[in-house]
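Novice: below: sequence and its predicted model.
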Amino acid sequence: MKDTIKPGMSATRKILVDTPRTIDFLGENLRVYATPALVQDFEIACLEFLLDHVDAGENSVGTGISVSHGGATLRGMSVDITVTIAKVDGRMVTFDLLAKDDIEEISKGVHSRFVVEVDKLRQRVAGKAAKAGVA
């Protein structure tokens, strides 16, 4: 991992809340941003942020996430997802998360990611798959 990543660094990406990002169980009139889609958008924003700070052959995996989701964002609205480095501890990187739609703050939280060497992870997963009898 490069030493370019520092606490306080941040990135913001704009998300359009399209139909696949919304809930469907309350009917078409209540198509709002689904919490699982929000979590995925936070994770992708953090992953993409870290890709500029890892060495060749490295990537990152999520190790934990905690978010609140207190605002209903309608299909067709946009959301600004802001991720800010809170802490770097070796290969563990912790992000503060913030999401705001066009009207209000809708979510805050914390997400941690661990920078891995992809080949080593591939070997560990292959060993576990062999033990489990999974191809």
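Specialist: Sure, I can see it.
Novice: use CA for all of it now, contacts and neighbours both
Specialist: Will do.
Novice: what ranges do the strands span in the protein?
Specialist: 10-16, 58-69, 78-89, 92-101, 105-117 (DSSP state E).
Novice: list the contacts of the third one.
Specialist: With contact meaning Cα atoms under 8 Å, 6 or more residues apart in numbering, strand 78-89 is reached by 5-17, 41-42, 45-46, 93-102.
Novice: burial of Ala130, as a residue count?
Specialist: 11 (other Cα atoms under 10 Å).
Novice: what's near enough to touch the residue nearest to Asp119 when sequence neighbours are not counted?
Specialist: In space, and not counting its chain neighbours, Asp119 is closest to Gly57: 7.3 Å by Cα to Cα, 6 or more residues apart in numbering. Neighbouring residues of Gly57 by Cα under 8 Å, 6+ apart: Glu117, Val118, Asp119.
Novice: just want the most central residue of this structure.
Specialist: Glu43 (0.9 Å; Cα atoms, centre = their mean).
Novice: any idea how far that residue lies from Asp24?
Specialist: 22 Å (Cα to Cα, to the nearest Å).
Novice: can you pull the pLDDT of Gly133?
Specialist: Per-residue pLDDT puts Gly133 at 90.
Novice: please report phi then psi for it.
Specialist: Note on Gly133: backbone dihedrals following degrees, to the nearest 10 are phi 70, psi 30.
Novice: output the longest helix belonging to this protein.
Specialist: In the chain, taking DSSP state H as the definition, the longest helix is helix 35-51.
Novice: can you check the pLDDT for Asn59?
Specialist: The per-residue pLDDT reported for Asn59 equals 98.
Novice: show me the contacts for it.
Specialist: Leu50, Leu51, Val115, Val116, Glu117, Val118.
Novice: make TSV from those residues and add distance to Gly76, neighbour count and pLDDT to it.
Specialist: TSV is the format used below for the contacts of Asn59 (distance: Cα to Cα, whole Å; neighbours: other Cα atoms under 10 Å; pLDDT from 0 to 100):
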residue	distance to Gly76	neighbour count	pLDDT
Leu50	28	21	97
Leu51	29	15	96
Val115	34	21	98
Val116	36	18	97
Glu117	38	16	96
Val118	37	14	96
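Novice: would CSV of those with distance to Ala129 be doable?
Specialist: Below are these laid out as CSV (distance: Cα to Cα, whole Å):
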residue, distance to Ala129
Leu50, 28
Leu51, 27
Val115, 22
Val116, 19
Glu117, 18
Val118, 16
